[in-house]
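Trainee: let's see this in three dimensions:
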Amino acid sequence: MADKTLDLKDLVCPRPMVVTMSTLKMMEKGQTLEVYCTDLTTKHSIPSLCERSGYKLLSIKDEGNLITFCIQK
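Mentor: Now for the predicted structure:
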């Protein structure tokens with residue numbers, strides 16, 4: 001179970017990425033964040049954000065119109 005969850009459905013990039021980044025910055029190292037998105041561009045932008053920022057992308061679940069990310073700070 002994630003320490004924090006973000007419901008970013010219906011938000012369009014770059015908003016989901018910006019909200020995810022600012023939330024992760026406020027979290028403690030080792031905590032996990034679950035993010036729900038519907039914007040398909042997040043499939044590329046959120047993993048890229050994790051790679052650039054040193055966060056660990058634990059999983060991506062793509063269920064057609066819903067993408068779920070689990071990220072560890």
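Trainee: secondary structure element for the residue positioned nearest the centre of the chain, which one?
Mentor: Of all residues in the chain, the one closest to the mean position by Cα atoms, centre = their mean is V35, 4.4 Å from it. Assigned by DSSP states H and E, V35 belongs to strand 32-37.
Trainee: for the chain, which segments count as strands?
Mentor: Here the chain has its strands, by DSSP state E, at 4-8, 32-37, 56-62, 67-72.
Trainee: just put those in a markdown table and tack on distance to K25.
Mentor: For every residue, glycine as well, the C-beta is placed using N, CA and C. As requested, those are exported to a markdown table (distance: least, Cβ to Cβ, whole Å):
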| stretch | distance to K25 |
| --- | --- |
| strand 4-8 | 12 |
| strand 32-37 | 11 |
| strand 56-62 | 15 |
| strand 67-72 | 12 |
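Trainee: give me the distance between the residue lying closest to M27 once chain neighbours are set aside and E28.
Mentor: Leaving aside its chain neighbours, M27 sits nearest to K73 (4.9 Å; criterion: Cβ to Cβ, 6 or more residues apart in numbering). Using Cβ to Cβ, to the nearest Å, K73 is found at 7 Å from E28.
Trainee: neighbour count winner among those two?
Mentor: More neighbours surround K73 than the other of K73 and E28, with 20 against 7 (other Cβ atoms under 10 Å).
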